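Novice: 3D, please:
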Amino acid sequence: MTPIPTLVAAPTIPATGAAPAATTAVPPRPVRVLHAARRPALVLVAHGSRDPAAGAEIARLVDRLRAARPELDVRLGHLGLNAPLLPDVLDGLSGPAVLVPLLLSRGYHARVDIPAALAAAPQVTGVVAAPLGPHPLLAEALAARLAEAGWRRGADGRDAVVLAASGSRDPAAALDTAEQARLLALRLGVPVHPGFVAAGGPSVAETVARLTAEGRRPAVAGYFTAPGDFARLAAAAGARLAAAPLGAHDAVVRLVLDRYRAGVPTLLPIAA
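Specialist: Presented below is the predicted three-dimensional model:
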C-alpha cells in the first residue's frame, strides 16, 4: 500500500526588504497514556497457628499461588498467632483487593472478623470471598490425601471415612461440613461421616469407635488447611489410617484462584 504523504504547509516568503514574520512557539500537547485496569490484590487470610509446620505449609501455598499467577500481588494475613496480622497487611495496601479466607466453612471469622478488618481499612476497596468449603475441589484434594496415605476402597463394602473437622458452634459451619462429607462420599463411593475435634459433635474418636463397632473399616480424612494440633488429634483417634491435611494441594491452589476470580467482577468498575 502506498503510504499517505504528510502534508506540510509551505513557508510564507516575505516581500523583498520586509522583515521575516515572527514565529509563535506552540507548546506541545501532553501525551495521554491509558493504563490498563489495576488488578486487585489477592489477600489470603489464614487462621494462624503456633505450629511451625502450619506456617510452612501456608507459605508453600502462597509460593504456589505466586508461581501460578505471577502477575498478581499475592499477600498473606493472619487472624491471630502469626505475623503479619490481617490489619497490618491491609494497612500496607490501597485500591482494590479480594480477601480469600483459608477457612473451610462459614462461621464467626468469615462473617464478622474479616469484614470488620476490611471496613477498618478505608483505603482498600475490597470484597471478602466465600470460605473455601464446601467444594468439589476440596473433595478432590481430600481423596488425593487419602490415596497418598495408602487408602484403597475394598471390595467387601466395609470401608468408611470420617471427615475430621475443627468444629464450630455456628450451625452454618456444621451444615457446610456435612455438605463436604457428602461431596467426598460421592467421589470415593463409600460412606463419609463428619467428626469434630474442638466443637460440636460427635467427636472424631466417637465416630471412629462407632463405625468400628459396626464392622466398618474407618479411615480419617484430615479436613484442615494445614498441620497442627487438630490434625494430630484427629490422626490419634483410633482409625487404621489417617490422611494428611489439605495443605498446598493443586486443587486447593485452583480453588483459591477460583474464589479470587469470583470476587474480581464486583471490583472491576473500581479497578478501572
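Novice: confidence score at residue 165?
Specialist: Note for residue 165: predicted pLDDT of 97.
Novice: ditto for the one 5 residues further on
Specialist: Reading off the confidence values, residue 170 has pLDDT 89.
Novice: how many neighbours does it have?
Specialist: Counted with other Cβ atoms under 10 Å, residues neighbouring residue 170 total 18. Where you see a C-beta, it was placed from the backbone N, CA and C, and this is true even at glycine.
Novice: Do I have it right that it meets residue 108?
Specialist: Yes. Counting by Cβ atoms under 8 Å, residue 108 is a contact partner of residue 170 at 6.4 Å.
Novice: all helices in the stretch 151-272 of the chain, in order from the N-terminus.
Specialist: Assigned by DSSP state H, counting those that start in this stretch, the helices in the stretch 151-272 of the chain fall at 171-188, 204-213, 229-235, 250-263, 268-271.
Novice: how many neighbours does the nearest residue to residue 144 once chain neighbours are set aside have?
Specialist: Distances taken as Cβ to Cβ, 6 or more residues apart in numbering place residue 249 nearest to residue 144, at 6.3 Å, with adjacent residues excluded. By other Cβ under 10 Å, the residues close to residue 249 number 21.
Novice: Checking residue 80 next. Helix, strand or coil?
Specialist: coil (DSSP: H, G, I helix; E, B strand; the rest coil).
Novice: Look up phi and psi at it.
Specialist: Main-chain dihedrals, residue 80, degrees, to the nearest 10: phi 180, psi 170.
Novice: Name all residues that make contact with residue 159.
Specialist: Residue 159 sits next to 153, 190, 216, 217, 219 when contact means Cβ atoms under 8 Å, 6 or more residues apart in numbering.
Novice: burial count for the residue nearest to residue 212 when sequence neighbours are not counted?
Specialist: Distance criterion Cβ to Cβ, 6+ apart; nearest residue to residue 212, sequence neighbours excluded, is residue 218 at 6.2 Å. Using other Cβ under 10 Å, the number of residues around residue 218 comes to 27.
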